[in-house]
Structures are given as C-alpha cells and as structure tokens.
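Student: here you go, sequence then predicted model.
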Amino acid sequence: MKRNFVYPLCVIGLGVALLSGVALAADAPTKPVRPADPEAIGQEIAVLTQAPNVPPSIKRKHSAKIIVNLEVKEVTKRLADGVDYTFWTFGGDVPGSFIRIRVGDNVEFHLNNAPDSKLPHNIDLHAVTGPGGGATSSFTAPGHSSQFSFKALNPGLFVYHCATAPMGMHVANGMYGLILVEPEGGLPPVDHEYYVMQSEFYTAGNYGVEGLQPFDMNRALDERPAYVVFNGAVGSLVGDKALTAKVGETVRLFVGNGGPNLTSSFHVIGEIFDTVYQEGGTVPTQHNVQTTLIPAGGSAIVEFKVDVPGTFILVDHALFRAFNKGALGMLKVSGPPDLLTYSGKEVDAIYLGRAAEGGSDTEKKVAELKAQMAAEIKGNPKIAGLTKEIQIEKGNAVYMQTCFVCHQPEGLGVPGQIPPLAKSDFLMANKEEAIRAVVIGRNGETIVNGKTFKSTMIPLNYLTDDQIANVVTYVRNSWGNSGDAVSVTEVAKIRAENASATPAPGAPSKFE
Ligand SMILES: [Cu+2]
C-alpha cells in the first residue's frame, strides 16, 4: 500500500480553504461518483467498542456495506492517580473505538468532530488503500463531519490514527485505535477476545507529578515519555479492571502500539503465546512465543490457553516502562489449580549458603546453634505449649474482630444459617478445611454435627497468614474444643494452592 502523504503545514489555513471548498462544492456537480460495489450485499452500521472490549466476530459469508460513525472528542481525564491530561480521542476514550469489518467490505466512513473541539482532525486508517489512508479526505473542523468510502482489500489487524499536523502531537495526545479486517472465513473461535493498546505520554511533569499535565514537545522529540501505558492510563487493566478468564479457556489479544515513538516488547508474565500473528498479519507466524515485538503504528494478535489460576501480568518487557512508567496490565484467571503444571511454593527450607561449606566458621556455628534451638523448642512440649497459648491469645483478638459477627461470641453459630464452631465435629476433624474456609470461603453444603448448612462464608483472605494461623488455633482450642496449633506454613501452603485467592508470585501487591 503506497501512500502519498500530503500534510497541511498551516493547519488552520488549509482548514479554511477546505471548508470553503466544501461549501462551494455543495451545489457543484463535480463530486466524483463512486460506482456501486457489485460484491457487497446488505448494509450494516458498525458496532464500535471501547477497550478492552472487542465487537462480536463477523458471521457473514459475504461482503457488505458498512457504515462507521466515529466521533473525535477532546476530553480531560485521568492519566494516573492524581494526574489529568487533555486527551484527543476517537470515540471519547484512549485508545480509539475498535472497528471490526470483513475483507471486501465497502466502508462508508463518517468522521465527526465534536462542536466543542478546539482543533481540526482527520484519520489515516492503515487498512485503507488510498492516499493518506483516508487522511486526505477526512480533514474535519470542529462541528463538522466528513465522509469518504473505501473497500477493504487486505485483511489484518490495522492501526488507525490522526494525521493532522503536527502529526506526532495528535498521536501523542491519544489519537489512535485498531481496525480489524477479518479474513474470509474469520478467525478461529476463542473464549475471550480483548483489545489492548500501548502508547506513550509526554507530560511536562515526571511520572506521578499531580495535576493537569500539559504535553511537552521537547520530551516527545527526545523520545523520553513520562508514561508508557496500556489502554490510555496507568492502571486501566489492573485490579477490578483486569482482563479475566477461567482455567482451560482460550484468550486472543488484539494488541496495538500507538507509539508515537517506542516499540513494544509485549509479554505476559507466566504465559506463553501459543500462536502469534506477527505484525497483525493473517498468517500465524510463530507458535510458543515469550515476547513479541510490536512496532509503533503496528499490531500483533496473540492467542493462548490459560492452564492455571492466578494473576498474569501484561507488560512491555522493557521493564522500567512496566514498573516505573505504567505499562502494566493484568489477566486474572480463576479456577482449580493444576499442580502438575504449576505447584506453587513447595519448600521454604533454611539455606545456609557459603556458611554451610565452612566459608565462615562463626556463621556456620551460629546457624547450627539456631537450628538446634529451633529443633529443641519444637521437641519440647512445654515451650511448644507456650507458643500455642500465645497463638490462642492473639487468635482471640482476630476472632472478636472478624468471625464473631457470624459465628457468635461463644462459637454457637445461628441455627439453620451459620454452623457452630464450638464442639464442631467438622472443625475438629479437619484442620485444613478450617484454614481453607477462611482463605477461600465456603459454600455449597457443610454438615456440622449432623446438621446441614447451605449458606456462604465469604473468603477472608485479606487476613495475614499469621492472623489466620492464630484464629484457627483459637477456634480449635476454645469452648470445649481442643486440638493442635495451626502453623503459618500450613496456612501459606493452602493459600498457594489457591493462587487465585492471592496475588501471583512476583505480582506487585500495591496494584491489588
Ligand atoms: Cu488530530
């Protein structure tokens, strides 16, 4: 696709010229007449979605006339906590609305520039074969609407962006998005499709400096962004905005890079891309890929099956961008663990390192003595008993803050609703189940002392391993109950087995 880019050097001047041209042309019969497309059957209005959502796949077996209505809006909103930015957008959000069509479709494109915009804008769709990818026909002043049409000759995942001068600045302010031109027969079915687009922001203030931040041209020229983000803001795919899937499902990410300057080293921590359609083309170019390069103004399609539960972190593997500039998202996978594929932490043993090899006699001696002391304490029922007493005391405090509202201060529960803990055969028979109740919650059916309870206990996994060990020790040693103590290690093991109840290893917990 060869293009002749003709960009207005004087935006306002040309805008006025174009506008008056349009006004004159309104009654002149010189408008080019476009022949009807003999292939296109029927007419549809394109469904546009905001990231991370993707419009439904196309079931049509033929091409059609598709009407796209895209509105340019200049909006001020959050770039990071406490940081605002005036974004120039396609559709009100960054990245711009996802457009999904089929190869051969005949697209009637309407670019509408909101009346309260301050600037004219246009659109260059990389899916268009024609000068400027549509830019030369879509220069649109505030409060105006441009129309042009194109036939989608090539399938693939394409970037679109504003191409109004100064072009770098329009793109740096958020003017890009993705258009998917599905091949004949479509893409293979998957369980989830998501839209993720990376880009940079060149704010005057450094990362995290609060307030409304203006664009900084010098930073942009030096390619030194303060922010590198997915989907237009720090944290837009984090916490309750994370992408989701269940164990065993397949996920397809349509990943774009708006740039304007940096190339993305796109990676999902703890996943391997089963298939990559490199550079957004239609041929699966690789299988079993760890990190795929996405050029500025380019894209990639990645597909993978999720096999184990947990939080998987999406990053630009140029890591300071991920952990210091915002290029970090999350995919939360729920479901049962697959311990063969991933065990969780199995052993946390004392490692003496150099000391063990006699590198330092003193170090070695001290380590040995400490180990002896620990063994002594464990083996001495009196000291072990004392530590249990301490646990029970501490556990009482946790119980009176967390559990007593339901299980009642004397552990008697509520008949028919909340099972008793006092003299509960269930609790005493199975220490692990008791820990599990606190870490992952309980629902379904619980039989305590021959009575069936069918209610729900919510997970209380915000409690620390220490607190859980202490409170379960407390309930197993109160109101006539008597059992052995619960250790922090036992709690940690159950938490690890239920990885979805807890951040993935290495996940920065401040994002939870
Ligand atoms: Cu623009």
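Tutor: Great, that's in hand. Residues are numbered from 1 along each chain as shown.
Student: CA atoms for contacts and neighbours, from now on please.
Tutor: Will do.
Student: could you tell me how many residues sit around whichever residue of the stretch 101-250 of the chain sits closest to the ion?
Tutor: Per Cα to the ion, His121 is where the stretch 101-250 of the chain lies closest to the ion, at 3.8 Å. By other Cα atoms under 10 Å, 30 other residues sit near His121.
Student: for Thr387, same thing?
Tutor: Count around Thr387 with other Cα under 10 Å applied: 15.
Student: and Ala36, by the same measure?
Tutor: By other Cα under 10 Å, 9 other residues sit near Ala36.
Student: check the one 4 residues further on too.
Tutor: Ala40 sits with 17 neighbouring residues when counted by other Cα under 10 Å.
Student: that one: what's its closest spatial neighbour, skipping adjacent residues?
Tutor: Ala64 (4.1 Å; Cα to Cα, 6 or more residues apart in numbering).
Student: for that neighbour, give its distance to Ala46.
Tutor: Note on Ala64: its distance to Ala46, by Cα to Cα, to the nearest Å, is 11 Å.
Student: run through the helices of this protein in chain order.
Tutor: Here the chain has its helices, by DSSP state H, at 11-25, 167-172, 217-222, 319-324, 361-379, 381-402, 404-407, 425-429, 431-440, 465-475, 488-497.
Student: can I get those helices in TSV with distance to Gly133 and mean pLDDT?
Tutor: Converted to TSV, the helices of the chain look like this (distance: least, Cα to Cα, whole Å; pLDDT from 0 to 100):
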stretch	distance to Gly133	mean pLDDT
helix 11-25	18	41
helix 167-172	14	97
helix 217-222	24	96
helix 319-324	31	90
helix 361-379	70	71
helix 381-402	61	79
helix 404-407	64	84
helix 425-429	68	95
helix 431-440	53	93
helix 465-475	58	94
helix 488-497	51	92
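Student: among those helices, show me which one is buried the most.
Tutor: Comparing the helices of the chain on average neighbours per residue, with mean count of other Cα atoms under 10 Å, the densest one is helix 465-475 at a mean of 25.
Student: next, the angle helix 431-440 makes with that helix.
Tutor: Relative orientation of helix 465-475 and helix 431-440, computed by axes from the mean of the first three to the mean of the last three Cα atoms, to 10 degrees: 130 degrees.
Student: now do helix 465-475: distance to the chain's middle.
Tutor: 34 Å (Cα atoms, centre = their mean, to the nearest Å).
Student: quick one, grab the pLDDT at the residue of the stretch 101-250 of the chain closest to the ion.
Tutor: For His121, the pLDDT comes out at 96.
Student: give the rounded mean pLDDT of stretch 455-464.
Tutor: Computed over stretch 455-464, the average pLDDT equals 86.
Student: contacting residues for Leu460?
Tutor: Val438, Val439, Ile440, Gly441 (Cα atoms under 8 Å, 6 or more residues apart in numbering).
Student: I misspoke; the intended subject was Val234.
Tutor: Applying Cα under 8 Å, 6+ apart, we find Val234 in contact with Leu79, Ala80, Asp81, Tyr227, Lys325, Gly326, Ala327, Leu328.
Student: before we move on, back to that, and of the helices of the chain, who's closest to the ion?
Tutor: Closest among the helices of the chain, using Cα to the ion: helix 167-172, at 4.6 Å.
Student: circling back to that earlier point, need the helices of the chain in CSV with distance to Glu346, can you?
Tutor: Shown next, in CSV, are the helices of the chain (distance: least, Cα to Cα, whole Å):
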stretch, distance to Glu346
helix 11-25, 64
helix 167-172, 47
helix 217-222, 47
helix 319-324, 28
helix 361-379, 20
helix 381-402, 24
helix 404-407, 33
helix 425-429, 25
helix 431-440, 16
helix 465-475, 16
helix 488-497, 8
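Student: okay if I get the ones you listed as JSON lines plus distance to the ion?
Tutor: Formatted as JSON lines, the helices of the chain follow (distance: least, Cα to the ion, whole Å):
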{"stretch": "helix 11-25", "distance to the ion": "11"}
{"stretch": "helix 167-172", "distance to the ion": "5"}
{"stretch": "helix 217-222", "distance to the ion": "16"}
{"stretch": "helix 319-324", "distance to the ion": "25"}
{"stretch": "helix 361-379", "distance to the ion": "66"}
{"stretch": "helix 381-402", "distance to the ion": "54"}
{"stretch": "helix 404-407", "distance to the ion": "57"}
{"stretch": "helix 425-429", "distance to the ion": "64"}
{"stretch": "helix 431-440", "distance to the ion": "49"}
{"stretch": "helix 465-475", "distance to the ion": "52"}
{"stretch": "helix 488-497", "distance to the ion": "49"}
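Student: kindly export stretch 35-45 (C-alpha atoms) in CSV.
Tutor: Extracted in CSV, the C-alpha atoms of stretch 35-45 (Å, rounded to 0.1, in the frame of the first residue of the first chain):
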residue,chain,number,x,y,z
PRO,A,35,-19.7,3.0,-8.6
ALA,A,36,-21.8,0.6,-6.6
ASP,A,37,-19.8,-2.4,-5.2
PRO,A,38,-21.3,-5.4,-7.0
GLU,A,39,-20.0,-7.8,-4.3
ALA,A,40,-21.5,-6.0,-1.3
ILE,A,41,-24.8,-7.4,-0.1
GLY,A,42,-26.8,-5.5,2.5
GLN,A,43,-25.9,-2.7,4.8
GLU,A,44,-24.9,-2.6,8.5
ILE,A,45,-23.9,0.0,11.0
